Structure formats: structure tokens, C-alpha cells
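3D model of this:
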Amino acid sequence: MRSKRGSYSSPRGSRRACLCKDGRTYSRKCCDGELINQGIGSIYAPSLGCQNLTLSDFSVATDGTVTLPTTDVGTITSTTPASFAAVDTSTERTLTVSILVPGGYSNAEKTIECTTTATQPATPTLSCSDITLSGFAVAQNGTVTLPTADIGTISSTSPASFAIVNVSTVRTLNVDITVPSGYFNAGATLNCTTTATQPLTPTLACSDITISGFAVDENGAITLPTLDIGTISSSSPASYATVSTDTVRTLNLDITVPAGYFNVGSTLACTTTATQPPYNVLDCSEITISGFSVYASGNYVTPTVDIGTISGTSPSSFSTVTSETNRTLTVNITVPSGYTNAGATLSCTVVATQQPAFYFSQITPAAGNYISVEPIANTSSNTYAFSIYGNDPETSRLNAVALSNQLGTEIRGQTTTPGSTFAFRDTRVSFYSPSDSLIVKFETDSGINNTFSYVTPDTLGTVPASPYGGNASSWTSYKMVFSAVTSVSGSAVNNPAHEEIINNGSDQGYYWVIEDLS
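Reported below is the predicted structural model:
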């Protein structure tokens, strides 16, 4: 049988229909140029129907967005619907397509409505299992550290905190999460949970507390201890009886548990111990320290003790002061035999008052100057005075009057001048040697108004023999006379040896003490 291929007499690419290979059907699709395709076709133009065209590429996205189809015949003029709602299961969707029929068809320029289908994928529904909650923690005191979510927004959590626990405990946090867009249940609230372990809060016990400082002295008096944890609310006993041998004493303590422990606020009954020494231990309170006094110069009289032996004192001396000052001396005492602490050294203290010292060095004379003082205390003639002698080898140098003015000012408390009489009361004037020996002391009665005055010149009959001798014209003198003096002490007598307080411009260490006795 001869092949029919190779003949191209049949229509091809025209609007005419060709006979298909089945010998019965005419269609433009069968116009392949073969002889079998020849035929006069229908004597009228065919009508275009949906079965005669192909719609391609229609699809529906997860969110319902439509991808429009294309047609191999005609022109698509509209589609419906424009989109589809999201679905939670895969769903077949149908699109209605309006197609304008082209020329060559009996229904040319008319619109036919065809349909095409596509499967819309399911939009996922968000659940708690899809969400990762991280960062949730519970502190020992129950404070919550909130978690974060990798999907959605946390709208609320509960509870806000947890109670403390005495064993490590798994805690569950309720978390409300708002579903974001992109999920079938967008906008809904999921009630999710997450867990974390809350560490235990310890329960305080007496063994956890360091109790320090408890002591009992030989008299049974208690020194209460201190705690590193908690507060002592009460203790017992208040004291102990004395003992003759070292004795272990137990103190009962009620301790209030502080915050940070499971049993906060409760009371623990704890104990601590200390050794009470026997009653025959010597201490400073049993020793009498007597005889300590401080000179205005800062030197002092070393005290004595009625028990033990003084092994040393400190300081070795005190500095001078400008006002009456209490001085404390530390006395080291070796405990004698007969006491439990025999041989030990006790550092005890004693206090005495130091008066201010007044030195002539405040007005320092030039080299080559000599000043002497003659203290006069003649009780038989009721004469009490200081005769002050000064040599003046240089013109206008008045050492005697300078010293008189200075001493008078100290006694009076205001500027004084020779030839005047001033009232004073309740005052003690003392004159000391460099070795702190009292030479003379004049004292007034309490409440009696007494006077002193300057008289010049004093007799020069007893001017020191050196360096100038007898009645050398270069000497000047003043006498400071006290009246109504009621108390006198010291070794001064009428016309005693002179005390040379300045020698060739050098202070010899004599000093006065002016005391207010009021």
C-alpha cells in the first residue's frame, strides 16, 4: 500500500478544517499537510466550544493568589474569582474563564465561558509544637526570666513569679502567643507552656552559722558573740557564777533566720561555748596606781602600784601644752605569783592633768644678756614677791621690765605695766627649777580679791656677783609684789640665792605655772 505522506496538497495553517485520520472528524488540528487530511470539510464554519481549546498554567498559591491561565484559541477577557481563601487542607479550585472567539468560527467575536481547575495547597495551622520557647528561667527566690518565641508574639505569661522551694522543682509557665500572618489561624491566641527548674532555697541550720566572739571573764560576765548569718533575738544565761578552775560555759542563743532561706523568719535554738577562767586572775581593775602627776614641762612623777611590779611606762614624757590637758600614762605591770596569770604583763592606764608652762624664751634676750629671779617668801613679814634682775649692756634693752610685763600678763590675763596695781583671785603662781623642783608657790583664797603690783627699782644690794658684780650700773631691777597671799609653799626665803633663768642669752629651763583655781 502506498504511503500517503509527502503530499502537501491538503490545507495547512489555514482556517479550514481537515479530515482527521479517523476518516470521520474534521478539525483544524488535523491539517498536517498529508493527503489523508484532504477533504472539502464542513460546508459551514464550525462553532468554537471549550472542548476545542486548551487552558494552561492555571495555579492557586497557598494564600489563595491566582496565577491566570493561557488559551491556545481565542483571547481571555476575564476570569473569576480574583483569588481564593486560604484552606487548611489541599483543595481543588475552579476558575471560570471568559474567552473571545476569534474569526473563522460561526460564533466568532462572541464570548464563551470555560473552566479550568488547579489544586490549592493547604495553609499550615500553627500549633504550640511548632514554636520554640527559649530563655525561660526561675531564680532561687522565684523571680521569672521570661522566654522568647521564634514564631508569633507573646501576649501574656503567668504566673508572674513562684514561691521559694526547699527542693529543686520544675516550674511551668503559661505563655499566650498570637499567631502571625502566613498561618491558617493567623490572629488566634495559642495557650502554650514551657518549663524550667527552680533551684532550691536552703533551709538555715545552726551548723551553717559561724558564732564568734563569745567570752566569759573571771567574774562570770558575758561578752555576747556575733553571727555571720541571722540575728540574735535572745540569749541565756545573762551571766555565770565565778569558778576556781577553767570551766567551759555554754550560751543558749535564739537566732532569727534572715531572708534568703526557706525558713526565713523562724527562730533557731543554737549554742556556743567559751572557757571561763578562775576568779583569781589579776586585771587592771584590781590594781591601784597612785602618785602619777605631770609637770608643766611634760616630765612626770612615775606612779607606784599596790599589786605587781612596774616594768615600764609610756610615753617617756609629754610635750608642753597651752591649756590644761589630761594626760594618760600606760603602765606595764608584771603580775606577781599567787595569780593564775602570774608573770603576764598587764597594760594599765592612769590619768593626770598637765598645766601649761610659761617660759621666758617667748621673749628671747640677745647673747651677752643675763636675767636672774629672786623669789621672796617671808611669812614673818608677810612679804611675797619676785625680784627680777636684768643686765642691759646695750642701750634701751630692758630685760627686767620685759620679763615683769610678760609674767604679769600671764598672771593677770591681760596686758600689765609696772607701777600699777591689779586685782586677781583664785590663782596659783608657781616657779619651778629645770629639774621640776618647786621653788616657790603663791596661792590666793577662793573668792578673796588679791592684788599684785610692780615696784622699781628694787634693792640692788644682792645683784649677782657675775658677770658684772655688785651694784654694776648696767643692771636694772623690778619687784613684783603680791598682797593678801594665803598659801605659800616652796623653799624660798628672804634674800635667797638668785635663780639665773637666762645665762648669756640661753634659756636655763626655769618656768612658771599659772593656774586658774576658780
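
which stretches of the stretch 1-150 of the chain form helices?
Shown for the stretch 1-150 of the chain, no helices are assigned by DSSP state H, counting those that start in this stretch.

oh sorry, the question was meant for the chain
399-412 (DSSP state H).

show me the contacts for the most centrally placed residue in it.
Taking C-alpha atoms, centre = their mean, the centroid of the chain lies closest to residue 228, which sits 18.5 Å from it. Contacts for residue 228 (C-beta atoms under 8 Å, 6 or more residues apart in numbering) come out as 209, 210, 212. In this view, the C-beta of every residue, glycine as well, is placed from N, C-alpha and C.

Please type out the ChimeraX selection for whichever of those turn out to be buried.
Entered in ChimeraX, the line below selects the buried ones among the contacts of residue 228, by 16 or more other C-beta atoms under 10 Å:
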select :209
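
would you turn the contacts of residue 228 into a markdown table with pLDDT?
Below are the contacts of residue 228 laid out as a markdown table (pLDDT from 0 to 100):
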| residue | pLDDT |
| --- | --- |
| 209 | 97 |
| 210 | 97 |
| 212 | 97 |
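
Which of the contacts of residue 228 sits closest to residue 190?
residue 209 (49.2 Å; C-beta to C-beta).

any idea how far residue 224 lies from residue 283?
Applying C-beta to C-beta, to the nearest Å, the value for residue 224 to residue 283 is 20 Å.

now do residue 401
57 Å.

In contact with residue 179, which residues?
By C-beta under 8 Å, 6+ apart, the contact set of residue 179 is 126, 152, 185, 186, 187, 188, 189, 190.

quick one: which of these is most hemmed in?
Neighbour counts for the contacts of residue 179 (other C-beta atoms under 10 Å) peak at residue 152, which has 22 neighbours.

If I look at that one, what pLDDT would I see?
Note on residue 152: pLDDT of 96.

Next, work out how far apart it and residue 62 are.
18 Å.

now do residue 307
Distance from residue 307 to residue 62, by C-beta to C-beta: 106 Å.

same thing with residue 45?
On the measure of C-beta to C-beta, residue 45 and residue 62 end up 44 Å apart.

Equivalent analysis for residue 340, please.
98 Å.

now do residue 273
80 Å.

Between the two, point out the one with more neighbours.
residue 62 (15 against 11).

What is the neighbour count of residue 95?
Residues lying near residue 95 (other C-beta under 10 Å) number 22.

about what we covered before: which one of the contacts of residue 179 is nearest residue 509?
Nearest to residue 509 out of the contacts of residue 179 is residue 152 (C-beta to C-beta; 98.3 Å).

isn't the closest one right up against residue 177?
Yes. Shown here, residue 152 and residue 177 form a contact pair, counting by C-beta atoms under 8 Å, at 4.3 Å.

Which residues are in contact with each of the two?
Common contacts of residue 152 and residue 177 (C-beta under 8 Å, 6+ apart): 131, 190.

So what touches stretch 144-153?
With C-beta under 8 Å, 6+ apart as the contact definition, stretch 144-153 has outside contacts at 126, 130-139, 154, 157, 159-162, 173, 175, 177-180, 190, 194.

Buried ones only from those, please, as a ChimeraX command.
Here is the ChimeraX command that selects the buried residues among the contacts of stretch 144-153 (16+ other C-beta under 10 Å):
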select :126,131,133,136,138,154,157,162,173,175,177,179,190,194
